[in-house]
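In: Sharing a model that was predicted from the sequence below.
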Amino acid sequence: MSRIGELARRPLLSRAQWRALARPLAVCAGSGLLWRFAYPPFEWSWIAWFALAPFLAVLRNRTPKEGAWLGLCFGFFFFYPNLTWLNTLSDVNPLAPLGIVAVALICALFTVLFGAAAAAALSLAPRLGFLLVPALWTAQEYLRSLGELGFPWIYLGHTQANRIVLIQLCDLTGVYGVSFLTALVNQALADTWLVARSTPRTWGRAGAEWGFALLLLGAAILYGVVELRSASQASDSATAAPVRVLLVQPGVPQSVKLASYADPDPAVRDRMQTRMKEGLKTLLERARSDRRARGEAAPDLCVLPESAITHPYFNIAESERSLAMELQEIAGCPLFFGANRFEPPAGTAEIDIEALERGKMYNSAYLVDSSGIRAETYDKIHLVPFGEYASYFDVIPGFTEYILGIGSFAPGRTFRTFSIASGHFGAVVCFESCFPYLFRRFDRKGVDWMMVITNDAWYKTSSGARRHQIQSVFRAVEMRRPMVRVANTGISCVIDPWGRTSCVLALREGEGKYGVASVPNRRAAFDDSHTVYMRAWGEWFSWLCLVVSVVSVVYCVLARGNEKPSSARPPRRARR
């Protein structure tokens, strides 16, 4: 029986195995905890280049079962500290802390698979482990992004968001290429540590690994330098004026937003609605006064965040539609914003209580100009599981209303784009900014830039807002398109096609902000072609790592299964 088969049949460790793994488990826990400092709010990105090495080092000479348990220990201490910012959701659901533990354990299942596969690969093909381990790690990151429950957060590559030169290779490989390089350097470091502790010391092999790792890292840096140099040349040769966009960050606390549509007292709901509407008008009026004082023309576009107007039936409420027109008139330019969209049941002649209960609700984005609210809207396609719908658990009666305490949105079906005089753009809402496949579809439509509207007030002033913003940095580089990001409480900004941010409106609750940003004109400032990563086969690197991982696991299973038991007889007992 192969050792991998043994893991499936008898996953638990014996008491003796637990004692033997006590120290390696402590090493894995410490290695996982180190990663807390590589991500926001600390962002000590240099930690990422060695923090994985202790975990990788203890996977050597382990069975797949031991590797799986080590992976579970590392995974929990890696994910849980990097998810604690979600505790801000406790104000909405007191069960949120338990949910965070559950999410950390579910994410750790991927490092369980990694630990088992890496232990088997290092045992059967130790010389190839230097390349197999980074491929296995990258493959498990990719697998974690798939499906409606995908969670593409807390990647190794995300720690390098501020290393602008290094992340330029993302237009070839996505963020997974940066994760691979990070894991490769950590594996070289782990192997060097093991060589230093072994007898005899085989420094030649360690030197070869470092040579290869530094060669790949150097090639990535060189590519980044070349790309950034071409960016400067493109900017210098640009002839068309950039698109001027007014970013409006209302700064409304989530408690106010929730009360505006969910408070049981209608008077409270009306008071909160009025407060938010007046706040939007005040911000736009201030922006108009500042612009006129400077003698500037009106911007080309004004952008408000997700759920800027919180009326649950915005598109059929005449007063709310009139508000949108009023805001557009104050802004003096087309207005883009987020609000709900209600779709009554098919064949409904009159919208009554029954129709409101049976209809569909969408988290949508609208464009308003001087002629009125455009008929085309973008409905959010990739919803937040357990936040905007109950996913597979919606079959359980009352699970959505009483356990999760959320409403239920329907997913959109169309990749809608919008056009104004200055250009053509696409939009995603909130969580969607984490998924490259959505941007790939918009790229096919030839958009000039992408809009990301979000409400990160759920996370208050925690690191969640910065973690979310980092996703847009990578999407900008992967797509080589500018990103205009507008958040309710921050962080709002413009990100150019090389991942550099400007017009940053800092994270702040209870204080509205605005700023006028210049968005590069795609048709004049940079290449019109698709990046490698945005093509239909753009996930080639992730797929390659996945294929290598599957082949290595199959090889390990077959190799272990073909092992013949020893034919030597046990020694006889000595006669008395």
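Out: On my side now, so go ahead.
In: only C-alpha atoms for contact and neighbour calcs from this point on.
Out: Will do.
In: contacting residues around residue 475?
Out: By Cα atoms under 8 Å, 6 or more residues apart in numbering, the contact list for residue 475 reads 433, 436, 439.
In: Which of the residues you listed are buried? Put it as a PyMOL command.
Out: Buried members of these, defined by 16 or more other Cα atoms under 10 Å, are picked up in PyMOL with:
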select buried, resi 433+436+439
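In: what's the closest of the contacts of residue 475 to residue 233?
Out: residue 439 (25.8 Å; Cα to Cα).
In: how near is residue 416 to residue 427?
Out: Per Cα to Cα, to the nearest Å, residue 416 is found 8 Å from residue 427.
In: shared neighbours of these two, anything?
Out: What both residue 416 and residue 427 touch, as defined by Cα under 8 Å, 6+ apart, is the set residue 378.
In: looking at the protein, which helix or strand is least sure?
Out: helix 522-525 (a mean of 52; mean pLDDT, DSSP states H and E).
In: from the middle of its chain, how far away would stretch 38-51 be?
Out: The chain centre lies 17 Å from the centre of stretch 38-51; the measure is Cα atoms, centre = their mean, to the nearest Å.
In: For residue 445, see how far away the spatially most central residue of the chain is.
Out: The residue lying closest to the centre of the chain (Cα atoms, centre = their mean) is residue 434, at 3.5 Å. Distance, residue 434 to residue 445, by Cα to Cα: 19 Å.
In: likewise residue 318?
Out: Distance from residue 318 to residue 445, by Cα to Cα: 33 Å.
In: How about residue 302?
Out: Applying Cα to Cα to residue 302 and residue 445 gives a distance of 22 Å.
In: next one: residue 532
Out: Distance from residue 532 to residue 445, by Cα to Cα: 16 Å.
In: Looking at these two, which is more packed in?
Out: Neighbours per residue, other Cα atoms under 10 Å: of residue 532 and residue 445, the larger number sits with residue 532, 18 against 15.
In: Which phi and psi values does the more buried one adopt?
Out: phi -60, psi -40 (degrees, to the nearest 10).
In: correct me, but it touches residue 172?
Out: Yes. The pair residue 532 / residue 172 is scored as a contact, 5.1 Å apart, by Cα atoms under 8 Å.
In: Common neighbours of these two, please.
Out: What both residue 532 and residue 172 touch, as defined by Cα under 8 Å, 6+ apart, is the set residue 538.
In: For stretch 94-109, buried residues please.
Out: For stretch 94-109, by 16+ other Cα under 10 Å, it's 96-97, 100-101, 103-109.
In: can I get the CA coordinates of it in CSV?
Out: C-alpha atoms of stretch 94-109 as CSV (Å, rounded to 0.1, in the frame of the first residue of the first chain):
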residue,chain,number,x,y,z
PRO,A,94,-21.9,37.7,16.3
LEU,A,95,-21.0,34.4,14.7
ALA,A,96,-18.3,36.1,12.5
PRO,A,97,-15.3,35.1,14.7
LEU,A,98,-16.3,31.4,14.4
GLY,A,99,-16.7,31.9,10.7
ILE,A,100,-13.2,33.3,10.5
VAL,A,101,-11.8,30.2,12.2
ALA,A,102,-13.8,28.0,9.7
VAL,A,103,-12.4,30.0,6.7
ALA,A,104,-8.9,29.6,8.0
LEU,A,105,-9.3,25.8,8.4
ILE,A,106,-10.9,25.5,4.9
CYS,A,107,-8.0,27.5,3.4
ALA,A,108,-5.6,25.3,5.3
LEU,A,109,-6.9,22.3,3.5
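In: Just the residues contacting it, thanks.
Out: 71-72, 74-76, 79-80, 83-84, 86-87, 89-90, 144.
In: now with 7 Å?
Out: Here stretch 94-109 makes contact (Cα atoms under 7 Å, 6 or more residues apart in numbering) with 72, 75-76, 79-80, 83, 87, 89-90.
In: More neighbours: residue 416 and residue 427, which one.
Out: The neighbour count for residue 416 versus residue 427, taken as other Cα under 10 Å, is higher for residue 427 (29 against 18).
In: Wait, a strand at that one?
Out: Yes. Under DSSP: H, G, I helix; E, B strand; the rest coil, residue 427 sits within a strand.
In: Kindly tell me how buried the closest residue to residue 440 other than its chain neighbours is, as a neighbour count.
Out: Among residues not flanking residue 440 along the chain, residue 534 sits closest, at 5.1 Å (Cα to Cα, 6 or more residues apart in numbering). Residues lying near residue 534 (other Cα under 10 Å) number 25.
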